[in-house]
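**Q** no sequence on this one, just coordinates:
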């Protein structure tokens, strides 16, 4: 039994150390915009529910970031989301 507990504890520790995303990658997680940190873990950077402006709700969606055509995720009015990832 003791050996099983040690193995489970080690497995949980290793899982926490394994990167789950690439540095600077973005994604939507419900109303949140998340950014992958240097350790490969998702960090919340923006909550679309807190963005105010206009007559419609703001949602997290994929959008073009910058002039180089790169894609990322940000909060936009729902009508501007363009049917992309949410």
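**A** That came through, no problem. Note that the structure is predicted; figures quoted are calculated from it, not measured. Numbers count the residues shown, from 1 in each chain.
**Q** quick check: the gap between residue 46 and residue 32.
**A** 7 Å (CB to CB, to the nearest Å). All C-beta atoms are positioned from the backbone trio N, CA, C, and that covers glycine.
**Q** any common contacting residues for the two?
**A** Shared contacts of residue 46 and residue 32, defined by CB atoms under 8 Å, 6 or more residues apart in numbering, are found at residue 60.
**Q** I'd assumed residue 49 was in a strand, is it?
**A** No. Residue 49 is assigned helix when assessed by DSSP: H, G, I helix; E, B strand; the rest coil, not a strand.
**Q** these two touch, right, it and residue 31?
**A** Yes. Applying CB atoms under 8 Å as the test, residue 49 and residue 31 come out as touching, 4.7 Å apart.
**Q** can you pull out the low-pLDDT segments for this structure?
**A** Counting by pLDDT under 70, the ranges of the chain that qualify are 5-18, 83-86.
**Q** ok, the residue nearest to the spatial centre of the chain to residue 79 distance?
**A** For the chain, residue 34 is the residue whose C-alpha lies nearest the centre (CA atoms, centre = their mean; 2.8 Å). Here the distance between residue 34 and residue 79 works out to 23 Å (CB to CB).
**Q** what are the ranges of the strands in the protein?
**A** Applying DSSP state E to the chain gives strands spanning 26-29, 32-36, 42-47, 58-65, 70-77.
**Q** may I see those organised as CSV, with distance to residue 3 added?
**A** Shown next, in CSV, are the strands of the chain (distance: least, CB to CB, whole Å):
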stretch, distance to residue 3
strand 26-29, 37
strand 32-36, 35
strand 42-47, 33
strand 58-65, 44
strand 70-77, 44
